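Colleague: whatever this is, show me its structure:
(4 chains, ligands or ions: 6)
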There are 4 protein chains.
Amino acid sequence: MEKLIITAAICGAEVTKENNPNVPYTVEEIGREAEAAYKAGASIIHLHVREDDGTPTQDKERFRVCMEEIKKRCPDVIIQPSTGGAVGMSDEERLQPVELLPEMATLDCGTLNFGGDEIFVNTENTIKNFAKVMNEKNVKPEIEVFDKGMIDYAIRYAKEGYILEPMHFDFVLGVQMAATGRDLAFMVDSIPAGSTWTVAGVGRYEMPMAAMGIAMGGHVRVGFEDNVYLSKGVLAKSNGELVEKVVRIAKELGREIATPDEAREILGLKKK
Amino acid sequence: MEKLIITAAICGAEVTKENNPNVPYTVEEIGREAEAAYKAGASIIHLHVREDDGTPTQDKERFRVCMEEIKKRCPDVIIQPSTGGAVGMSDEERLQPVELLPEMATLDCGTLNFGGDEIFVNTENTIKNFAKVMNEKNVKPEIEVFDKGMIDYAIRYAKEGYILEPMHFDFVLGVQMAATGRDLAFMVDSIPAGSTWTVAGVGRYEMPMAAMGIAMGGHVRVGFEDNVYLSKGVLAKSNGELVEKVVRIAKELGREIATPDEAREILGLKKK
Amino acid sequence: MEKLIITAAICGAEVTKENNPNVPYTVEEIGREAEAAYKAGASIIHLHVREDDGTPTQDKERFRVCMEEIKKRCPDVIIQPSTGGAVGMSDEERLQPVELLPEMATLDCGTLNFGGDEIFVNTENTIKNFAKVMNEKNVKPEIEVFDKGMIDYAIRYAKEGYILEPMHFDFVLGVQMAATGRDLAFMVDSIPAGSTWTVAGVGRYEMPMAAMGIAMGGHVRVGFEDNVYLSKGVLAKSNGELVEKVVRIAKELGREIATPDEAREILGLKKK
Amino acid sequence: MEKLIITAAICGAEVTKENNPNVPYTVEEIGREAEAAYKAGASIIHLHVREDDGTPTQDKERFRVCMEEIKKRCPDVIIQPSTGGAVGMSDEERLQPVELLPEMATLDCGTLNFGGDEIFVNTENTIKNFAKVMNEKNVKPEIEVFDKGMIDYAIRYAKEGYILEPMHFDFVLGVQMAATGRDLAFMVDSIPAGSTWTVAGVGRYEMPMAAMGIAMGGHVRVGFEDNVYLSKGVLAKSNGELVEKVVRIAKELGREIATPDEAREILGLKKK
Ligand SMILES: [Mg+2]
Ligand SMILES: [Mg+2]
Ligand SMILES: [Zn+2]
Ligand SMILES: [Zn+2]
Ligand SMILES: [Zn+2]
Ligand SMILES: [Zn+2]
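Modeller: Residues are numbered from 1 along each chain as shown, chains lettered A, B, ... in the order given. Ligands and ions are numbered 1, 2, ... in the order given. Sure thing, here's the model as predicted:
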């Protein structure tokens, strides 16, 4: 089996210090959490940034200083900024971190509810626009899909030339589509041959989904964005602790951990 | 196998006379199309209404006169108004036909893209609100799901008491989730025991999905809302022609057609 | 969608004139049934032969005269003899029709129960031996699988060089593995890219499985071997009637019927 | 999630001291391995027995002394003798350990190849006979299925009254049906509501399947019968080491381990 790529979603846009005081807001905290995850075995840092008070932002300068801080601490790690942004933001605002020419960035491939009156909007036009910009800038999209039909969108947009193949998917389960073995198996069966995939189980499904991802030969995302607990009722002290747990399970299953350069090889990234 | 319930989606909100001149706009045309579908074997009329110029509307009075016209022509048919409405409408506007106390109404169980910049918005709060109103008025929801995770929402809302069980699902395939045998089989496997289901394949997937629905023991929706062609390149002269085709396939497979009262029995409706 | 290949399993080894008086035993009857199926639209005749009293036989001479009778009546049809044989037969006995150099022959890819004390034996060594002989003689195997794991055997034997790719599978459902949409969808998802497939539903599952095979873009086998009824309680007058029903369903679904030469093209056969 | 039942298949009938010198043959060795597994967390010992030279046997007396040795060392463990036997054995020979009135025994639900010329024979009549005898003696069958269709047999035999519900299944994957996440998910989806299940991955699939079983809420079988390696190239020193690994993975995933009495509760066994 291929080596395991661990992505650490260290920050997110919705989780707060009220949920877990170790959620990073400041540049220093972002650096600290990225480093802890990297040292534990993460080869990709999935990155949202915040103002010092925790407010999520897509500000280019904030991304720049956070990315510099991460590179200073973990020189070879792959940084994958989010283009998710927040309600009401324009495409341009959301795309700011892509201007910094990261190796990867997220491409959310559909619109869905986020609870209450909230909607996470990614219209067809937005998706195609983001994909085009990423192609132009040689940024590999991590295609975030929250439901099966979003894979079908990605396949269609790839046929239409908007998304380049081979595609890399992130199955985010437990938000809209349930986080179960049958759901994960169905998703895996639904992507084109030659694609790679990562699974991110939300909340208490994080580690069961991680274990299945490891056992099924896929890759794994964990981190405060998806879950702040190390085990039932026990808050994780850092993203590093969550990554360490994944590494221990991988070791039990005989799956080696990919270094950032090995992850680049698997994902077809060219180190910049 | 249970008898086959055929739902005719005779009108829709997006298809126009430019697509097929037989798409009904006026009250008389709605009546004519409902009658053709009913005589061919449909036991449920899934109903959107239009102004005379084809503009979609949720106007209560327009629904009232259309429903009266349908009842005059097909006294025992089940009428299932749509609560889908159009972009920018409030919940109250969308819910108008439910005030007419139909036996069923649609409950769209999630938000998704409709192409370009368009989004079909059904927030969590809207879904719960619609479900509560339908329960209060003893209107059975047909739970429209466009992707697998929307089933998972319905299951959660049922657990929380918003949606009553047993649930009746309509799998609308070919919009977001692909319309294939494996997708349909996965959907069927995903609903709670005791639920009933219908499949609506969009565009050229209408009849393949109908055939699979018949063969798998589910129920079937066809009609101009989903597809205006009788066969490749041949426009259907009426919704009746589409229903007739379903009836012929059902006959080949030994599946009998449910009358409206048999459909009520299967779906647990009380005739009003 | 690819044109539809209809295989007619006109005779089988277990069904008798007691089940349906139109089951063919004699050379003339075999010819008559093959011709009826062919004229109705079958491009492949899946062939077992019998003594005049109905006893199944693998006798080379009996196969020869039956194949000549079929070719006389349907000059371009593809003949696919069975190598199934009967309990207690040696590999050599079972392989006799392959010596006649048909274009195809069946390769049963595993051992399973046939009810009571009966077992249909195909050991690993038998399967590998049959595959090798067919390769040497340029006879394309139709890989009969009665359960999912038999696909996994075929994949393994292909990797080991015993079976040549692309493979053509026949999913025989309703004997061991159930004949349902979810089972068929799972089988289809389990074969290597580039493979072709046919589905044969046994007994009352014949036509539902055929309809799903047509709708899912696969191919279809029907015939007295699998089912002797045209509809509930109504015996088919000939294999032709069963093929006609498949053709009618295909027509409703807009799927064209492959001629024998089109079937050769799809299956990669060279006309001999 | 339910607590995790770990079954230790400590001996098997085919693995030898040549494969791993710690494979138990003698009564003392059987006792030692059962105890190691039990102390590590196994609540069920799946038991084959051997002559002192390693020859597999179904001899009632040998089973009796081995079971007594196990009970002496692990008084409350559940013992589950195999009725698999060896090639050429009669039903009566195979059923001998059932006469000792264990709490459970295996019921292999179909016939399949074991490689080369070897077949593991379980005809329909054998299966029904074994099930009846177990029912009469109040021995709960662990229904061993090596392929999906064997579940369908079990469902049919349950409907016919031969097998009592709720059923407990053991999915043995990697012999006929492949040992992958999609196969396991499909099996789990295929058993009747209210059933319980265990997964046994053979060879290098043992631990990946165990991890998935834990994560999916099922139960797990490991042991020398299925796999003799602790990790790649490293022979396990005892069945206990394999169970310990399962316990570590379960702990990472927050799944508690069932005691024998908790396993009895889950499986509906009455302690004898
Ligand atoms: Mg696939
Ligand atoms: Mg199910
Ligand atoms: Zn994110
Ligand atoms: Zn509608
Ligand atoms: Zn045959
Ligand atoms: Zn065993």
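Colleague: all helices of the stretch 151-272 of chain A, in order?
Modeller: Using DSSP state H, counting those that start in this stretch, the helices of the stretch 151-272 of chain A run over A:181-190, A:206-215, A:239-252, A:260-267.
Colleague: would you turn these into TSV with distance to chain B, mean neighbour count and mean pLDDT?
Modeller: All C-beta atoms are positioned from the backbone trio N, CA, C, and that covers glycine. Shown next, in TSV, are those (distance: least, CB to the nearest CB, whole Å; neighbours: other CB atoms under 10 Å in any protein chain shown; pLDDT from 0 to 100):
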stretch	distance to chain B	mean neighbour count	mean pLDDT
helix A:181-190	5	23	98
helix A:206-215	15	29	98
helix A:239-252	24	22	98
helix A:260-267	25	19	98
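Colleague: out of those, the one nearest ligand 2 is which?
Modeller: When the helices of the stretch 151-272 of chain A are compared by CB to the ion, helix A:181-190 sits nearest ligand 2, at 8.6 Å.
Colleague: do the closest one and chain C meet?
Modeller: Yes. Applying CB under 8 Å from any CB of the partner chain, one finds helix A:181-190 touching chain C at residue A:189.
Colleague: same for that helix, what does it pack against?
Modeller: helix A:148-159, strand A:168-173, strand A:196-201, helix A:206-215, helix B:181-190, helix D:181-190 (3 or more CB pairs under 8 Å, 6 or more residues apart in numbering or on different chains; DSSP states H and E).
Colleague: now these as JSON lines including distance to ligand 2?
Modeller: Formatted as JSON lines, these follow (distance: least, CB to the ion, whole Å):
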{"stretch": "helix A:148-159", "distance to ligand 2": "17"}
{"stretch": "strand A:168-173", "distance to ligand 2": "18"}
{"stretch": "strand A:196-201", "distance to ligand 2": "21"}
{"stretch": "helix A:206-215", "distance to ligand 2": "18"}
{"stretch": "helix B:181-190", "distance to ligand 2": "5"}
{"stretch": "helix D:181-190", "distance to ligand 2": "5"}
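Colleague: what's near enough to touch the residue in the stretch 101-250 of chain A positioned nearest to ligand 1?
Modeller: Using CB to the ion, the single residue of the stretch 101-250 of chain A nearest to ligand 1 is residue A:189, 4.6 Å away. Taking CB atoms under 8 Å, 6 or more residues apart in numbering or on different chains, we find residue A:189 in contact with B:182, C:189, D:182.
Colleague: out of the residues you listed, which comes closest to residue A:72?
Modeller: Set against residue A:72, the nearest of those by CB to CB is residue D:182 (42.7 Å).
Colleague: so what's that closest one closest to, chain neighbours aside?
Modeller: Using CB to CB, 6 or more residues apart in numbering or on different chains and skipping the chain neighbours, the partner closest in space to residue D:182 is residue A:185 (4.1 Å).
Colleague: relative to residue C:30, which of the helices of the stretch 151-272 of chain A is closest?
Modeller: helix A:181-190 (41.9 Å).
Colleague: how far out from the middle of the chain is that closest one?
Modeller: 19 Å (CA atoms, centre = their mean, to the nearest Å).
Colleague: can you check stretch A:257-264 too?
Modeller: With CA atoms, centre = their mean, you get 16 Å for stretch A:257-264.
Colleague: does that stretch come close to chain D?
Modeller: No. Figure legend: stretch A:257-264 not in contact with chain D (CB under 8 Å from any CB); closest approach 15.0 Å.
Colleague: run through who's touching that stretch.
Modeller: Surrounding stretch A:257-264, the residues in contact under the criterion CB under 8 Å, 6+ apart are A:2-6, A:41, A:43-44, A:76-78, A:103, A:247, A:250, A:266, A:269-271.
Colleague: close to chain D: what parts of chain A are there?
Modeller: A:180-182, A:184-186, A:188-189, A:207-209, A:211-212, A:214-216, A:231-232, A:245, A:248-249, A:252-254.
Colleague: great, nothing more from me.
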